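> Predicted model follows, preceded by the sequence.
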Amino acid sequence: MEFKKGDRVFHMGLSLTGIFMEYAWNSDEEAIVKFDNADNPDDCRHISVNQLQKCPSNEEIGKRIARYNNG
């Protein structure tokens, strides 16, 4: 899966959500993600991309709800 800067992501191993910042300089298999953390707002981590899952955008969620409501 290809990620772009600013994508909302979920880390399956850590069970944390965050914002994809960029791929690591040496590999597309690792990335920098800024996680949502109230204790440390600058919680950026260097993690493995294979543990990331892209979160749906608000528009995608709205479309799913509309499809569900229309039967």
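Everything's here; your move.
> Please identify the buried residues of stretch 34-46?
residue 35 (16 or more other Cβ atoms under 10 Å). Where you see a C-beta, it was placed from the backbone N, CA and C, and this is true even at glycine.
> now it: how far from the chain's centre is it?
Relative to its chain's centre, stretch 34-46 lies at 13 Å (Cα atoms, centre = their mean, to the nearest Å).
> quick check: mean pLDDT across it?
Confidence over stretch 34-46 (mean pLDDT, whole number) is 85.
> Between the two ends of that stretch, what distance do you get?
9 Å (Cα to Cα, to the nearest Å).
> What of stretch 9-28?
Start-to-end, stretch 9-28 (Cα to Cα) is 16 Å.
> List the contacts of it.
By Cβ atoms under 8 Å, 6 or more residues apart in numbering, the surrounding residues in contact with stretch 9-28 are 3-8, 30-37, 43-44, 46-47, 49, 51-55.
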